[in-house]
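1. Quick one, structure for this:
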Amino acid sequence: MHFTNLADATDLKRVAREAISRCTYLDPSRIDELEQILAALRTRQKLAKPSRPGTAMRPATGSSANRRPKVDAKISDLPQYRSLLYNTIEDKIAGSEMILQLAQSKVHVAQIARSDPVINALARLLFEDESRNLDLKINICRIFACMAQLSLAPALFTKNRIGGSLLQEVDLELQRYQTWKDGLAQRQHEPAELESFRKKFIHFLRKQDQFLAVALKILLLIGRDLATQTKMVKKGVVAVLARCCERSNPEVQILGLRFLLRLSLFVENLERFAQAGVVEKVARAVDQQRSREVGEYGLRLLYNLSLCPTIRQGMLKKSFTKRILPLLEDSKYCELTARLLYSMSQDSRGLRAAPDLGATCARLLARNSESHTGSGEYLLALTTNLVNHPGLAEDFAGAVKMDEVMATSLATSDAALLRIVNLVTKNVPDAKWMSEQNLSTIVKAFKTEATTEFTMECTIGLAVALEKDHCSTADVSRFCKLQTELTTKSVQARTPAELLALAYFIGALASTDKGADLLTAASMTDWLCRKLGEPDGQQEELSLQIGYALMKLTQYEPARLRIMDYPGITKVLSTNTQRASDVSRSLFEELLRHLSLVSEDIHEAWKSERFQQYNGQWLQAIATRHGNGADNIYATDDFNDDEMDLITKFGLEEIGLDLSDDLEDDDDDVEVWCYSTIHTD
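-> Numbers count the residues shown, from 1 in each chain. Below you'll find the model as predicted:
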């Protein structure tokens, strides 16, 4: 029997009854089954009909969609579409296209997602399809992509192992791609077959990129769940995504980079990044610059990876700094490249790897100044790291005019740029920014009552200029009453940063007689001693600057006398000799030694302080025993004679013990007493 023209208006039940009445082989009890068969035939006939004007829709897939006219799908026919998924490859593609139409509708997508038979059939096709037909894969992936935004999607995908199947399929497609590439390379010497094979390869590549793009979108969506993401990492998703970055299609590259960027946030994944050679693959993608987004995502990923010391070391060994340096001068990637280079500059080898880096940063800062566009924070931070190294600071100074850079920083009140100028001036002897206008402007900023980061850098800038003899105390005094300003600044300074800047400036002034006299008249010696004894003064860098300033001031007699007259100066300085830093300890010991040579009182007080520091625990133990009322603290059985080896005259007097006159001097000029003649009261 032949059934033709089964239109939508055809009553299929009537046709089924008529068929049973004509054919004696059909059992009347199977009328429902016959009706379903007629519905499937009607659907197949619709797909075979030519499209009417106005009914065509945009093709959802590649060539197969272009060959077949588009027909509006109906949710009521979903079982028929599912049945097509079990037939020939053409029927599978046709059925998947109809389901895709329904899935693209927000009205029907949830209903399809709840249809277990449909989902099971699609998942089975994705996992078991032996034909590896890309059109079918693309349709199935697009159906799942429509469902990925639903709240039930995570549970649905986990139940049907969609993520694992997709990851496996992506891996297999990448292997197929490599096979095609090898085949193309083998045919380079066979011109007759080369052109035909090349056309097939290009067609295959276009289809495969479509599949990879939609598959990666789904993996990116379901990878939001941390547990699912962890499973993907264990199954090798990092290596797969790294190979996707080598594709020529920008969309595939971007999706791969986005997923890798998310995975790079977890420290436990970084070892897999190193094993997969992600840095080299991403660097090649950035070099090609097929799209701006590829460059941006690539640089962000490389920055994240550079925070890992092991990966950063590998990047430096391959001269990575020199490789990405050209991107620094590209306005599209300047700030991202500066951020990456800043991270790599934490290792001094990263700075030495690119000799032109200092000059490049200088040109960029000069260009931004001329165009009145602000420099990015990472470019400024990178340049600050560079000019901390004398060699690179020379490159910077040689590429710009320092007085113009200084004028720009003062005109824009740019603290970061001014900090760079200060560091260059400090590290490069010939780098001078001094001009009458610049000096006037920086002193005016120094006089400002409001304390900001910029005014603190102005203070440091003046200190560096004085230290390098680029200007004198008299030059600064021409633009302000320096003694008054110092007194005001000493009262205003509150934070450790403000105190540090002022201490550095005072140290620079103390290098000359006139500056030392001015500081003495402004009572800055007392201020330094007082701050050294306060909690803020216990910070390592601040105490060092104060110590250097005091050391310079001791070379001038009026200032030295003021320091020696400060109450408790010996205890303040002696306390700072106990710091962990060898530099601090050496500085304050030298300062005390210098003062003790000219003052017997300080000499004796220092010896007492040293005794207290070296024997504090023993003195406390003895005082505790004596305070408990023991008649003879040496008569107890648990007393060890060795405990007395460190007891000196000063300590015994402090705890109220009677002393004999039998003294011995040790080699360190600390008086040690023989305890055999000592008796308690």
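2. Report the rounded mean pLDDT for the lengthiest helix in the chain.
-> If each helix of the chain is counted by residues according to DSSP state H, the longest one is helix 191-222. Per-residue pLDDT values across helix 191-222 average out to 89.
3. again, but for stretch 42-52
-> Per-residue confidence for stretch 42-52 averages out to 58 on the pLDDT scale.
4. Show me the shaky parts of the protein.
-> 1-5, 44-70, 129-131, 348-354, 370-375, 536-538, 579-580, 612-681 (pLDDT under 70).
5. center of it - which residue?
-> Nearest to the centroid of the C-alpha atoms of the chain, with distances taken as CA atoms, centre = their mean, sits Asn304, at 5.2 Å.
6. What sits closest to that one if chain neighbours are left out?
-> Across the structure, with CB to CB, 6 or more residues apart in numbering as the measure, the residue nearest Asn304 apart from its sequence neighbours is Ser264 (4.1 Å). Just so you know, the C-beta spots here come from the backbone N, C-alpha and C atoms, and that holds for glycine as well.
7. Quick check: Asp347 touching Met315?
-> No. Under the criterion of CB atoms under 8 Å, Asp347 makes no contact with Met315, lying 9.5 Å away.
8. Check the contact lists of those two and give me the overlap.
-> Residues touching both Asp347 and Met315 (CB atoms under 8 Å, 6 or more residues apart in numbering): none.
9. Neighbour count for the two, which is higher?
-> Higher neighbour count among Asp347 and Met315: Met315, with 26 against 17, using other CB atoms under 10 Å.
10. Assign the more buried one to helix, strand or coil.
-> Three states are possible here, and by DSSP: H, G, I helix; E, B strand; the rest coil the one that applies to Met315 is helix.
11. That one: what's it in contact with?
-> Under the criterion of CB under 8 Å, 6+ apart, the contact list for Met315 reads 279, 302, 305-306, 321, 344.
12. For Glu609, the count of nearby residues, please.
-> Neighbour count for Glu609, taken as other CB under 10 Å: 21.
13. Quick check: closest non-adjacent residue to it.
-> If you skip the residues right next to it in sequence, Glu609 has Ser574 as its closest partner in space, 3.9 Å away by CB to CB, 6+ apart.
14. mind listing what that neighbour touches?
-> Ser574 is in contact with 588, 592, 606, 609-610, 613, counting by CB under 8 Å, 6+ apart.
15. Need the max-distance pair from the contacts of Met315.
-> Leu305 and Thr321 (14.2 Å; CB to CB).
16. which secondary structure element contains the residue nearest to Glu609?
-> In this structure, Ser574 sits in helix 569-576 according to DSSP states H and E.
17. what's the answer for Lys322, then?
-> Element membership of Lys322, judged by DSSP H and E, is helix 320-328.
18. Tell me the helix or strand right after that helix.
-> Moving toward the C-terminus from helix 320-328, the next element (DSSP H and E) is helix 334-344.
19. coming back round to it: in the longest helix of the chain, which residues are buried?
-> With burial defined by 16 or more other CB atoms under 10 Å, the residues of helix 191-222 counted as buried are 197, 201, 205, 207-222.
20. What of stretch 317-331?
-> Neighbour count says stretch 317-331 has 320-321, 324-325, 327-328 buried, by 16+ other CB under 10 Å.
21. Output the residues you listed as JSON lines; include the columns distance to Glu296.
-> Formatted as JSON lines, the entries for those read as follows, by distance: CB to CB, whole Å:
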{"residue": "Phe320", "distance to Glu296": "18"}
{"residue": "Thr321", "distance to Glu296": "19"}
{"residue": "Ile324", "distance to Glu296": "13"}
{"residue": "Leu325", "distance to Glu296": "18"}
{"residue": "Leu327", "distance to Glu296": "11"}
{"residue": "Leu328", "distance to Glu296": "14"}
